[in-house]
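Peer 1: Here is my input, please return the structure:
(2 chains)
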Amino acid sequence: MIGITSIATYIPENRIDNSQRAESLGSTPEQVKDRIGFLQLARLADDQTTLDIAAQAVETLLHKNSINPDLIDVLIVVGQNPDRKIPHISAEIHGRMGLSPSCACFDLGLGCSGFVYGLSVISSFMRANNMRHGVLVTADPYSRIVDPKDKSTALIFGDAATATLLTENPLYELGSFTFGTQGSGADELSCNNSVLFMNGRAVFNFAATIIPENIRETIVKNNLSMDMIDCFVLHQGSRYIVDTITDRLPSDPQKVPFMASEYGNTVSSSIPLMLSQLMDQPKNKHMVLCGFGLGLSWSTTVIKRREKK
Amino acid sequence: MKVTREDVCNAIKQTKIVADSENLRDDIELTDQGIDSLGMFNVILVLQEKYQIDIPDADIDELTTVQKLVMYLNMRLDQTV
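Peer 2: Below is the predicted model:
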């Protein structure tokens, strides 16, 4: 049974203080705290690249798990803001980390739903090819495409990278997945001429209407009930989106953490950043993972903690 | 059936944006009564779902008070009869 064994993260040290610049962007410090939820946004240093932060996360993961780079059979990177269009950044990470020539590497072009999609892709790929060690990387620095004067996006996105180790002896097993796309809304969250555009109302409506129903459906698909879920790990779009989904599930807010206030919405990294902490809590036996956004797309699964034998 | 101020206040209550939705003033801008733009997205969504209508982006800028919301919803519902 292939599943999640360990997660390593990298959050740049640089921070932007959202409270200080709220008013210049048509907001208030109260709105930043209570609605948007991101007090600070993590930012790449001037000399940092997407490759740098992705490789840092992979290096930490290998070191933390005492894994020889030669053992990695597949490395997949989720993101859409690499340093260069060509080659695929997974190959660049392969080169920097000195992975084995037999290691498969490819990229997945997805946004906020990408980590959960990626879990399904990498575990299926490993099973199909009899692989034992896989690494799923998320690295998508939106600071590259956000207009710092855009009121809709400038207070939201932060930079980070994560690396998730999947093995046959995991801490968490992967359950059944659900996926979806509402392509008619693709333009509502899009990058045009290298600048991000977001129709906040359209994205809010999408998240508030589609996601609670999809989460309920995924729980049933996994032969579980709402009360058996210990933690809902939702993409950290904003505090208000997380609160609204919590209301509409409905769920006990204690089970739906908001953990991104010090670094922002890190796109496909938001779920693994949370999981890296939540996995350390044995009380979290069943966790829902739900990514949603760009596409407009969504992907959800339930992960189950394995009993120690 | 006409939409009343109570209906709109109940929709606002459902979103939990303000603590005391019954005491909202009809003619004062909702943004001045603690409902920001994100909150308005939610209020409009709840009203869309309740009355099964689509409220286009172009109309939202004008829907700034309880009174205007009541009038707008009644106009839209009259058109669908």
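Peer 1: hmm, who's touching the helix or strand bottoming out on mean pLDDT in chain A?
Peer 2: Every helix and strand of chain A was ranked by mean pLDDT, DSSP states H and E. The lowest is helix A:29-31, at a mean of 91. With contact meaning C-beta atoms under 8 Å, 6 or more residues apart in numbering or on different chains, helix A:29-31 is reached by A:19, A:22-23, B:36, B:38. From N, CA and C alone the C-beta is placed, and that goes for glycine too.
Peer 1: If you count neighbours, what's buried in that helix?
Peer 2: Across helix A:29-31, burial judged by 16 or more other C-beta atoms under 10 Å in any protein chain shown covers A:Gln31.
Peer 1: So for the helix or strand following it, mean pLDDT?
Peer 2: Once the chain leaves helix A:29-31, the next helix or strand it forms, by DSSP states H and E, is strand A:40-42. Averaging pLDDT along strand A:40-42 yields 98.
Peer 1: Can you list the helices and strands that strand A:40-42 packs against?
Peer 2: Helices and strands touching strand A:40-42, by 3 or more C-beta pairs under 8 Å, 6 or more residues apart in numbering or on different chains; DSSP states H and E, are strand A:15-17.
Peer 1: Sheet-wise, list the partners of the strand it packs on with their directions.
Peer 2: strand A:40-42 (antiparallel) (DSSP bridges).
Peer 1: Give the residue spans of chain B that score low on pLDDT.
Peer 2: B:81 (pLDDT under 70).
Peer 1: Counting neighbours, what do you get for the closest residue to chain B within the stretch 1-150 of chain A?
Peer 2: Distances between the stretch 1-150 of chain A and chain B by C-beta to the nearest C-beta are smallest at A:Arg35, namely 4.9 Å. Number of residues near A:Arg35 (other C-beta atoms under 10 Å in any protein chain shown) recorded here: 20.
Peer 1: Now the helix or strand where B:Met71 lies - C-alpha only, PDB.
Peer 2: For B:Met71, the host element (DSSP H and E) is helix B:66-80. The C-alpha coordinates for helix B:66-80 follow below in PDB (Å, rounded to 0.1, in the frame of the first residue of the first chain):
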ATOM      1  CA  VAL B  66     -30.800  46.200   2.900                       C
ATOM      2  CA  GLN B  67     -33.500  48.400   1.300                       C
ATOM      3  CA  LYS B  68     -31.800  48.200  -2.100                       C
ATOM      4  CA  LEU B  69     -31.500  44.400  -1.800                       C
ATOM      5  CA  VAL B  70     -35.100  44.000  -1.000                       C
ATOM      6  CA  MET B  71     -36.200  46.200  -3.900                       C
ATOM      7  CA  TYR B  72     -33.800  44.500  -6.300                       C
ATOM      8  CA  LEU B  73     -34.900  41.000  -5.400                       C
ATOM      9  CA  ASN B  74     -38.600  41.900  -5.700                       C
ATOM     10  CA  MET B  75     -38.000  43.300  -9.100                       C
ATOM     11  CA  ARG B  76     -36.100  40.200 -10.300                       C
ATOM     12  CA  LEU B  77     -38.700  37.900  -8.900                       C
ATOM     13  CA  ASP B  78     -41.500  39.900 -10.500                       C
ATOM     14  CA  GLN B  79     -39.700  39.500 -13.800                       C
ATOM     15  CA  THR B  80     -39.600  35.700 -13.500                       C
END
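Peer 1: Check which residues of that helix are buried.
Peer 2: Residues B:66, B:68-70, B:72-73, B:76 are the ones in helix B:66-80 that count as buried (16+ other C-beta under 10 Å).
Peer 1: what's the answer for stretch A:298-309, then?
Peer 2: A:298-305.
Peer 1: quick one: contacts for the closest residue to A:Asn169 other than its chain neighbours?
Peer 2: Nearest residue to A:Asn169, sequence neighbours excluded (C-beta to C-beta, 6 or more residues apart in numbering or on different chains): A:Thr5, at 6.9 Å. Applying C-beta under 8 Å, 6+ apart, we find A:Thr5 in contact with A:65, A:165-167, A:169-171.
Peer 1: Can you check these and name whichever has the most neighbours?
Peer 2: Neighbour counts for those, by other C-beta under 10 Å, peak at A:Leu166, which reaches 27 neighbours.
Peer 1: so which strand or helix has that residue?
Peer 2: strand A:161-167.
Peer 1: now what about that strand, what contacts it?
Peer 2: With C-beta under 8 Å, 6+ apart, strand A:161-167 has contacts from A:2-10, A:50, A:53-54, A:56-58, A:60-61, A:65, A:67, A:115, A:119, A:122-123, A:126, A:132-139, A:269, A:272-273, A:275-276.
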